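Participant: Build me a model from this:
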Amino acid sequence: MTDTSAAKIDAARLSSLLDGLNQFGRNPDSGGFNRPGFSDADLAARRWLSARMESEGLSVQWDAAGNVFGRLGPEDRPSIMVGSHADTVPEGGAFDGTLGVAVALECVLALRDAGTLPDYPIEVVATSEEEGRFGGMLGSQAMVGAITPEWLEQAADANDVRLWDVMLAQGLDPSLIPGARREPGSVRAFLELHIEQGPVLERRGTSIGIVDSVSGVTNWSVSLFGEANHSGTTPMSMRADAFAGLAEAAGRIPDIIVKLGSEQSRITIGKVDLQPNFPHTVPGQADFSVVLRDTDESIMRALCAAFRETVEQACRNHNLTHEIIERSWLEPVRLDQGIARLLTEEAAALGLSHMIMPSGAGHDAQTMQALCPSGLIFVPSRGGVSHAPEEWTDWPAILDGAQLMLNALLRLSRAET
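Facilitator: A predicted model of the protein is given here:
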């Protein structure tokens, strides 16, 4: 075990870093945060982070995908990268992603203050567009070279706003994104701290989750097309009711999970639009999102096939046609076992209760595993709530996770590791 006694987390500074990022996009009425990928608030938070890292003496750069990096240590060696994302879902919470960025920077500053300069450089990163506004995890996917020109051309959010147009409006050139790819061997490891976003750690009274696998996720846009008509004069047997088709397909989700799924299976219809959406009119069109997850790729594909068949059957039953567009596909990933062991050892050395667990939500760590060994630390979420203003993690739990991250970084950045 590496001697880490000299490097300690500064709780007040960590709190100020989190507050600094969260000054952007806060809704004072709801208490939620609105920093969707490439929004004005998102870019303002990145610029604030960039300026803060520069003021602390880090070497700062942005890449073509909008990722922001702050580097401490030698330039001629592969880096240990640490961080998370700073964008949010609409009306999201204060901790999801943002905490991981603040912890990453605090760890680097704590090492610097202790006079413990790393043998391998440490790069703090705030990845861009992780929350999937445009269907993927743009920042980390760009770093691993997983962004194709075809995907860039068609990427759009749930309101059909194109990623290409949004980036251009923010002064970023999406055609340069392939240049954000990191060369194999340039990153030695990737570490991320994140809130669990679920209830397991809190319910078990466990301080730390060490993630060994991350669910895959696919994001679909589905449209059902029927015929809008008068709700009083159109007999039930003669309708082509798009909402009825949606309701039938949604109602079969539990049966699909029971028949083909696992404990990690999730199928979610999260956004629905009806047209013409009037009280006295049979809906002629239903547009909805489907997000499907599992930690096993074969199960994911079986669930996808079953839900597609369910949509087709609902359309036959209700005289509808349909269109299904796959917006993104991220495979399930097993994270590096060596880093998981290192995190387990360091958690034990700190006397922290810990457990190995899967992640049902997608994270940058799963993408980065394609480039380098990657690890993911979870800290408890109160009530399991996330993606909502009520999202909360207690500060003692945050400080435990941050100290674990600091100790792991110190160990990984030493030449003898």
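Participant: helix, strand or coil for residue 12?
Facilitator: Three-state call for residue 12 (DSSP: H, G, I helix; E, B strand; the rest coil): helix.
Participant: Can you give me the separation between it and residue 101?
Facilitator: 17 Å (CB to CB, to the nearest Å). For every residue, glycine as well, the C-beta is placed using N, CA and C.
Participant: cool, and residue 388?
Facilitator: Taken as CB to CB, the span from residue 388 to residue 101 is 20 Å.
Participant: Of these two, which one has the most company?
Facilitator: residue 101 (27 against 16; other CB atoms under 10 Å).
Participant: Pretty sure that one sits against residue 128.
Facilitator: No: look at residue 101 against residue 128 with CB atoms under 8 Å: they stay out of range, at 11.6 Å.
Participant: Quickly list what's touching both of these two.
Facilitator: Overlap of the contact sets of residue 101 and residue 128 (by CB atoms under 8 Å, 6 or more residues apart in numbering) consists of residue 85.
Participant: and the helix or strand hosting residue 46, what does it pack onto?
Facilitator: Element membership of residue 46 [criterion: DSSP states H and E] is helix 40-55. When contacts are defined as 3 or more CB pairs under 8 Å, 6 or more residues apart in numbering; DSSP states H and E, helix 40-55 sits against helix 11-21, strand 59-62, strand 68-72, helix 98-113, strand 122-127.
Participant: starting at the chain centroid, how far to that helix?
Facilitator: Relative to its parent chain, helix 40-55 has a centroid offset of 19 Å by CA atoms, centre = their mean, to the nearest Å.
Participant: Check which residues of it are buried.
Facilitator: By 16 or more other CB atoms under 10 Å, the buried positions in helix 40-55 come out as 41-43, 45-46, 49-50, 52-53.
Participant: Deepest-packed of the helices and strands packed on helix 40-55, please.
Facilitator: strand 122-127 (a mean of 28; mean count of other CB atoms under 10 Å).
Participant: can you list contacts of that one?
Facilitator: So strand 122-127 is contacted by 45-46, 49, 53, 58, 67-73, 79-86, 101, 104-105, 107-108, 111, 137, 139-140, 143, 187, 364, 409, 413 (CB under 8 Å, 6+ apart).
Participant: CA atoms only: put it into PDB for me.
Facilitator: In PDB, the C-alpha atoms belonging to strand 122-127 read as follows (Å, rounded to 0.1, in the frame of the first residue of the first chain):
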ATOM      1  CA  ILE A 122      -3.000  13.300 -13.800                       C
ATOM      2  CA  GLU A 123      -5.600  14.800 -16.100                       C
ATOM      3  CA  VAL A 124      -8.800  16.200 -14.600                       C
ATOM      4  CA  VAL A 125     -11.600  15.900 -17.200                       C
ATOM      5  CA  ALA A 126     -15.100  17.300 -17.500                       C
ATOM      6  CA  THR A 127     -16.500  15.200 -20.300                       C
END
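Participant: show me where the stretch 251-400 of the chain has strands.
Facilitator: Secondary structure of the stretch 251-400 of the chain (DSSP state E, counting those that start in this stretch): strands located at 266-268, 272-275, 281-282, 285-294, 321-330, 333-334, 354-359, 374-379.
Participant: how about the ones you listed, which one is nearest residue 200?
Facilitator: Of all the strands of the stretch 251-400 of the chain, it is strand 354-359 that lies closest to residue 200, at 6.4 Å by CB to CB.
Participant: Find the one among the strands of the stretch 251-400 of the chain with the highest mean neighbour count.
Facilitator: strand 374-379 (a mean of 28).
Participant: Okay, angle between that strand and strand 354-359 too, please.
Facilitator: Inter-element angle recorded for strand 374-379 and strand 354-359: 110 degrees (by axes from the mean of the first three to the mean of the last three CA atoms, to 10 degrees).
Participant: In its sheet, which strands sit next to strand 374-379, and in what direction?
Facilitator: strand 187-195 (parallel), strand 208-214 (antiparallel) (DSSP bridges).
Participant: average pLDDT across the last one?
Facilitator: Taken as a whole, strand 208-214 carries a mean pLDDT of 97.
Participant: for it, which positions count as buried?
Facilitator: So for strand 208-214, counting by 16+ other CB under 10 Å, buried means 208-214.
Participant: tell me the angle it makes with strand 285-294.
Facilitator: Angle, strand 208-214 to strand 285-294, by the same axes, to 10 degrees: 110 degrees.
Participant: next one: the following helix or strand past strand 208-214 to chain centre, how far?
Facilitator: Downstream of strand 208-214, the first helix or strand assigned by DSSP H and E is strand 216-225. Its chain's C-alpha centre and that of strand 216-225 lie 18 Å apart, by CA atoms, centre = their mean.
Participant: Name the strands paired with strand 216-225 and say parallel or antiparallel.
Facilitator: strand 285-294 (antiparallel), strand 321-330 (antiparallel).
Participant: Next SSE downstream of it?
Facilitator: strand 229-230.
Participant: Contacts only, for residue 380.
Facilitator: Residue 380 sits next to 195-196, 201-202, 206-207, 393-394, 397 when contact means CB under 8 Å, 6+ apart.
Participant: out of these, which are buried?
Facilitator: 195-196, 201-202, 206-207, 393, 397.
Participant: will you turn those residues into a markdown table that also has distance to residue 378?
Facilitator: Output for the buried ones among the contacts of residue 380, formatted as a markdown table (distance: CB to CB, whole Å):
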| residue | distance to residue 378 |
| --- | --- |
| 195 | 7 |
| 196 | 4 |
| 201 | 6 |
| 202 | 11 |
| 206 | 9 |
| 207 | 10 |
| 393 | 10 |
| 397 | 10 |
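Participant: how does this structure divide up, domain by domain?
Facilitator: What automatic domain parsing lists as the domains of the chain is 11-215+332-412, 216-330.
Participant: In the stretch 301-417 of the chain, where is pLDDT below threshold?
Facilitator: Applying pLDDT under 70 to the stretch 301-417 of the chain picks out residues 416-417.
Participant: try 50 this time
Facilitator: The model of the stretch 301-417 of the chain has pLDDT under 50 over residues 417.
Participant: one step back: could the buried residues of helix 40-55 be laid out in a markdown table, adding distance to residue 163 and pLDDT?
Facilitator: Listed next are the buried residues of helix 40-55 as a markdown table, based on distance: CB to CB, whole Å; pLDDT from 0 to 100:
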| residue | distance to residue 163 | pLDDT |
| --- | --- | --- |
| 41 | 17 | 98 |
| 42 | 13 | 98 |
| 43 | 14 | 98 |
| 45 | 19 | 98 |
| 46 | 16 | 97 |
| 49 | 22 | 98 |
| 50 | 22 | 98 |
| 52 | 27 | 98 |
| 53 | 26 | 98 |
